[in-house]
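K.L.:
Here is my input, please return the structure:
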Amino acid sequence: MRMNRFGRNQRFRVSLYSKWRTYPILFIILGACADILIAQNMNQGGLSERIQKLTDAIATTEAQLEQSQRQIVEMQKQLKALQQQIAEGTSNQTVPVSPGSTSSSTTQPVDTSSALQDIRDRQAMQEAQIATQEQTKVESASKYPVKITGLLLFNGFVNTQAVDMPATPTLAISGPGSTGAAVKQTVLGFDARGPHLLGASSYADLRVDFDGVPQSSLTPGTYSGTYSPSATLLRLRTAHAGLQWDHTEAYFSLDRSILNPDTPTSLTAVAFPALAWSGNLWTWNPQAGVTQEIPVSPSSSLQLQAALIDVGDALLSLPTTAGATPGVSPSGAEQSRWPGVEAHVAILGPKSNDGNGDHFGLGGYFAPHLTTMGRRIDAWAGTADARLLFPARMELTGSFYRGQSLGGLGAGAFKDFTYYQDPDTGNYYAHPLDDIGGWAQLKEKINQLVELNGAFGIDNAFAGELRRYSVAGGPLYQNFSRNRTYTGNVIFSPSAYLQLSLEYRHLESSPVLSPSTASNVIGLGAGLKF
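P.N.:
Okay, the predicted model is just below:
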């Protein structure tokens, strides 16, 4: 019975569109009248026939208008009855059935919650369909709404000393500086909404950029020129899909760890987020998890998160053994045949007008690894994170960690372990590397157009452990123990879709066998959102 009522709702909406379709009929009538005036010399029999057709068309139009009016009155009565049920707080009431209904009963039961959800679903679907009439429609196979988003980003850069990647530097090395420009940090995204399943709304999103590199390359950005045959430009950044209830969410994603819920703000560090490899656990790894929020007051809640994570290898890994099977080798975490686990608990405070709010969280992480030499290494971490909102639009955000073998999360001085090869036997000896670090950012929103950001991050692998395995002239990341970054930027947003930025960054990297190297980075950013 409830479905009949909603069927009438649908017919009511269709009738409104039908009402608009009567206007073309009126134009046809007027055109026919003009034909009559022009055809005065036609014989009387033909003129009478035309007049009869016009009379029939007018009668049909009047009947349609009268039927639409009756349907409007009927739906107004039913809507009033439904509003009365909601006000009385009842979960199962009766709604009068109109005299013209084909139902054999005079009343029908209504489940208020499901009725409201059905109305919201239909309304959301119709609003999305109406909105697409004024723009180019993106059609999906599922027929559910899909939106294309993105950031067309141009970056100019000046590096006073050599860095690992000129356009997106994360590490200072010895050598001359560089100057240039790039657009490869441009981001393209897709957002989609799906059907309601098990009482939850479904969603999905995807982000890609053009900062991809050959898989065989150890250091990103080593190819020369955008059209180099070795370049792999398109790169998958993040992806999310899940089911969301009022206080529960089940999802899978490719994103940074739940241990690091925030990230520093920058318009020149996008391909590699700001403070990457300097205290920001930024790397994007496959995860599947559950989030549960427990309200503790009208404006605050307790958030519980748990997830399984497939952690990738760090940039520095043990060489592949001779005679290994050709192809893409599994990561150290995958060779262990056990997934990594992570958990996070946070207290969420009231949200401000821009959707942000205070929070304080604690997290933990554990993932077994198996090296190519058969050595088992356990990666683990304990974390703390916070966001504090102050008066005058000021905000302090930060994260801290202490752990072991954190290269797969974006720490550990670019490695999970340090190793040494015996020159006599050729055997490798690996040792898991302890690590400590974190980052903090102070944000000041002067107004809706201008914001200022200042941040500092540090990643510090234990030099005492690293020094015993260091090798002069070894691979780029093998001897680095500490990486620090100081950064500050101003972001100007003259409109909601245009952003301009000037940023200064100071990189300071410290190997264990040579003096520290530093580079000053000046960056310009111009981004157009779409």
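
K.L.:
how is the chain carved up into domains?
P.N.:
Here the domain parsing of the chain from automatic domain parsing is 2-134, 146-529.

K.L.:
in the stretch 151-300 of the chain, which ranges drop under the pLDDT threshold?
P.N.:
Within the stretch 151-300 of the chain, the segments meeting pLDDT under 70 span 213-232.

K.L.:
if you compare the domains of the chain, which one is most tucked away?
P.N.:
domain 146-529 (a mean of 18; mean count of other Cβ atoms under 10 Å). Backbone N, C-alpha and C define where each C-beta goes, glycine included.

K.L.:
can you tell me the distance between the two ends of that domain?
P.N.:
By Cα to Cα, to the nearest Å, the extent of domain 146-529 from end to end equals 17 Å.

K.L.:
And it, how far out from the chain middle?
P.N.:
Relative to the chain's own centre, domain 146-529 is displaced by 15 Å; criterion: Cα atoms, centre = their mean, to the nearest Å.

K.L.:
Next up, the contacts around the residue minimising distance to the centre of the chain.
P.N.:
The centre of the chain sits closest to Asp205, judged by Cα atoms, centre = their mean, with a distance of 6.0 Å. By Cβ atoms under 8 Å, 6 or more residues apart in numbering, Asp205 lies in contact with Gly189, Phe190, Asp191, Ala192, Thr238, Ala239, His240, Ala241.

K.L.:
that older thread, adding distance to Ser140, write the domains of the chain out as TSV.
P.N.:
Formatted as TSV, the domains of the chain follow (distance: least, Cβ to Cβ, whole Å):
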stretch	distance to Ser140
domain 2-134	11
domain 146-529	5
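
K.L.:
Could you tell me the least trusted of those?
P.N.:
Note on these: domain 2-134 shows the lowest mean pLDDT, a mean of 58.

K.L.:
Please, where are all the helices along the chain?
P.N.:
2-38, 44-88, 112-131, 332-335, 463-467 (DSSP state H).

K.L.:
still on that earlier bit, is the residue nearest to the centre of the chain bridged to anything, and to what?
P.N.:
Beta bridges link Asp205 to Asp191, His240, judged by DSSP bridges.

K.L.:
Also Leu302?
P.N.:
Beta bridges link Leu302 to Ile294, Ile347 when assigned by DSSP bridges.

K.L.:
For Gly349, see how far away it is.
P.N.:
Computed as Cβ to Cβ, to the nearest Å, the Leu302 to Gly349 distance reads 11 Å.

K.L.:
Ok, Met165 next?
P.N.:
38 Å.

K.L.:
Kindly report the same for Ala526.
P.N.:
Distance, Ala526 to Gly349, using Cβ to Cβ: 35 Å.

K.L.:
same deal with Ala250?
P.N.:
Using Cβ to Cβ, one obtains 25 Å as the distance from Ala250 to Gly349.

K.L.:
show me the contacts for Gln421.
P.N.:
Here Gln421 is in contact with Asn427, Tyr428, Tyr429 (Cβ under 8 Å, 6+ apart).

K.L.:
so the second one makes contact with Tyr420?
P.N.:
The reference is to Tyr428. Yes. Counting by Cβ atoms under 8 Å, Tyr428 touches Tyr420, with 7.2 Å between them.

K.L.:
so what's Asn413 closest to, chain neighbours aside?
P.N.:
Careful, residue 413 is Ala; it's not Asn. Leaving aside its sequence neighbours, Ala413 sits nearest to Ala461 (Cβ to Cβ, 6 or more residues apart in numbering; 3.8 Å).

K.L.:
wait, Met394
P.N.:
In this structure, Met394 finds its nearest non-sequential neighbour in Glu444, 5.3 Å apart by Cβ to Cβ, 6+ apart.

K.L.:
how much space between that neighbour and Val183?
P.N.:
Using Cβ to Cβ, one obtains 29 Å as the distance from Glu444 to Val183.

K.L.:
how far away is Leu406 from Trp380?
P.N.:
Distance, Leu406 to Trp380, by Cβ to Cβ: 9 Å.

K.L.:
do the same with Arg193
P.N.:
Where Trp380 is concerned, Arg193 sits at a distance of 38 Å (Cβ to Cβ).

K.L.:
Same check on Ala59?
P.N.:
As judged by Cβ to Cβ, Ala59 and Trp380 stand 82 Å apart.
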